[in-house]
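1. What follows is a predicted protein model with its sequence.
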Amino acid sequence: MKKLVIRILAHVDSGKTTLSESMLYLSGKIRKLGRVDNKDAYLDTYELERARGITIFSKQAMLTVEDTQITLLDTPGHVDFSAEMERTLQVLDYAILVISGADGVQGHTQTLWRLLALYQIPVFLFVNKMDQPGTDKEKLLEELKKRFEGKNINKILTIEASGIAIGIAAAYAFKVPMVFAKKKKPSTMGDAYNANVHSFTKKTDYNITVSKEFLSSEDRILVVDDFLAMGNAIIGLKNIIDQAGASLEGVGIVIEKGFQPGGTILKEQGIHLESLAIIESLEDNTITLR
């Protein structure tokens with residue numbers, strides 16, 4: 001059985017414990033879905049935590065998803081307990097960084113992002129509380145759609161795993177199907193298009209693959225992803241599109257790291273690139289947007 005150690009991190013009150021509770025419930029680890037405000041969350045074991053509605057001490061829970069055993073670490077989100085949080089980073093395989101859709105990226109969220117980058121931990125971004133007033137995912141998607149008006153896009157293409165969420169959202173906005181490339185060809189997949197991609201984050205190579213039944217020469221494709229750094233994943237997806245004889249209409253990125261060369265590389269190849277936000281630098285512990 002495959003084993004993973006995963007931790008959920010967030011600015012305080014972003015919904016970290018609620019997300020942990022949902023994962024445990026959906027996996028069958030717990031039979032009752034607890035709530036922080038009801039003071040019965042599974043991982044809030046100390047009376048003071050339940051009284052205050054915050055996590056103070058690090059804890060762990062085991063859950064199983066298909067053939068994978070996951071150790072889920074729950075650690076404090078409050079900045080006053082940062083030492084308790086930071087000491088667990090070195091044991092992680094993956095991290096889930098929770099962002100409140102109502103409050104946006106907060107100060108401690110930025111600190112957590114820098115720490116995860118320092119320890120080179122692969123990160124999944126989870127935008128929470130999208131049902132609360134002040135959130136506007138539709139506006140974000142409409143902005144992406146507006147930038148590719150007139151392209152007659154009939155398919156969205158992305159890469160697993162972090163690209164799937166934005167891929168589904170883009171497909172919903174454009175009202176077209178979404179296809180994602182897998183990082184390893186399943187034994188059940190027949191003829192497929194393949195391309196080699198080097199992961200800058202994981203420092204490893206993948207042979208990404210898409211079944212030939214999902215792409216054709218008639219497709220006009222928009223490639224989307226959450227982050228753009230070196231551009232390797234996008235170049236790999238373009239390779240697959242070229243193999244299928246399809247047309248790459250553009251690339252839509254949520255956040256581009258402007259201090260890395262991916263954007264320049266894609267534009268030099270004549271690719272229509274649109275990034276909703278571009279980080280110019282991370283110097284002096286400050287995020288500077290272009």
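-> Received the coordinates, thanks.
2. T64 falls within a strand, correct?
-> Yes: going by DSSP: H, G, I helix; E, B strand; the rest coil, the assignment for T64 places it inside a strand.
3. gap between it and L72?
-> Note on T64: its distance to L72, by Cβ to Cβ, to the nearest Å, is 11 Å. (Glycine included, C-beta is placed from N, CA and C.)
4. Neighbour count for the two, which is higher?
-> Between T64 and L72, counting by other Cβ atoms under 10 Å, L72 is the more crowded of the two (21 against 12).
5. Check for me that the more buried one belongs to a helix.
-> No: looking at L72 with three-state DSSP, it is strand, so not inside a helix.
6. what's across from it in the sheet?
-> Taking DSSP bridges, one finds I6, A61 as the beta-bridge partners of L72.
7. can you give me the strands for this structure?
-> According to DSSP state E, the chain carries its strands in the segments 2-10, 59-65, 68-74, 94-100, 123-128, 155-159, 178-181, 192-199, 204-211, 220-228, 247-257, 273-281, 288-289.
8. Where do the helices of the stretch 101-250 of the chain begin and end?
-> 107-118, 137-147, 163-174, 232-244 (DSSP state H, counting those that start in this stretch).
9. Does I279 touch V254 like I think?
-> No: judged on Cβ atoms under 8 Å, I279 makes no contact with V254 at a distance of 11.2 Å.
10. Looking at these two, which is more packed in?
-> Taking other Cβ under 10 Å, I279 and V254 do not tie; V254 has more neighbours (20 against 17).
11. Leaving out the residues flanking it, which one is nearest to the more buried one?
-> Spatial nearest neighbour of V254, chain neighbours left out: D226 (4.9 Å); criterion: Cβ to Cβ, 6 or more residues apart in numbering.
12. could you dump the strands of the chain to CSV with distance to A165?
-> CSV is the format used below for those (distance: least, Cβ to Cβ, whole Å):
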stretch, distance to A165
strand 2-10, 16
strand 59-65, 17
strand 68-74, 19
strand 94-100, 12
strand 123-128, 8
strand 155-159, 9
strand 178-181, 10
strand 192-199, 18
strand 204-211, 18
strand 220-228, 7
strand 247-257, 10
strand 273-281, 14
strand 288-289, 22
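13. now those strands as JSON lines including mean pLDDT and distance to E21?
-> Listed next are the strands of the chain as JSON lines, based on pLDDT from 0 to 100; distance: least, Cβ to Cβ, whole Å:
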{"stretch": "strand 2-10", "mean pLDDT": "86", "distance to E21": "10"}
{"stretch": "strand 59-65", "mean pLDDT": "79", "distance to E21": "10"}
{"stretch": "strand 68-74", "mean pLDDT": "85", "distance to E21": "10"}
{"stretch": "strand 94-100", "mean pLDDT": "83", "distance to E21": "13"}
{"stretch": "strand 123-128", "mean pLDDT": "79", "distance to E21": "12"}
{"stretch": "strand 155-159", "mean pLDDT": "95", "distance to E21": "29"}
{"stretch": "strand 178-181", "mean pLDDT": "93", "distance to E21": "28"}
{"stretch": "strand 192-199", "mean pLDDT": "92", "distance to E21": "31"}
{"stretch": "strand 204-211", "mean pLDDT": "92", "distance to E21": "33"}
{"stretch": "strand 220-228", "mean pLDDT": "94", "distance to E21": "25"}
{"stretch": "strand 247-257", "mean pLDDT": "93", "distance to E21": "27"}
{"stretch": "strand 273-281", "mean pLDDT": "90", "distance to E21": "31"}
{"stretch": "strand 288-289", "mean pLDDT": "80", "distance to E21": "34"}
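14. Looking at those, which is nearest to L33?
-> Nearest to L33, of all those, is strand 59-65, at 13.9 Å by Cβ to Cβ.
15. contacts for that closest one?
-> The contact list for strand 59-65 (Cβ atoms under 8 Å, 6 or more residues apart in numbering) reads 1, 20, 23-24, 27-29, 42-43, 45, 69-74.
16. Please save the CA atoms from that strand in PDB.
-> Extracted in PDB, the C-alpha atoms of strand 59-65 (Å, rounded to 0.1, in the frame of the first residue of the first chain):
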ATOM      1  CA  LYS A  59      -2.300  16.000  15.900                       C
ATOM      2  CA  GLN A  60      -2.500  13.300  13.300                       C
ATOM      3  CA  ALA A  61      -5.200  11.000  11.900                       C
ATOM      4  CA  MET A  62      -5.000   8.000   9.500                       C
ATOM      5  CA  LEU A  63      -7.300   7.600   6.600                       C
ATOM      6  CA  THR A  64      -7.300   5.300   3.500                       C
ATOM      7  CA  VAL A  65      -8.300   6.300   0.000                       C
END
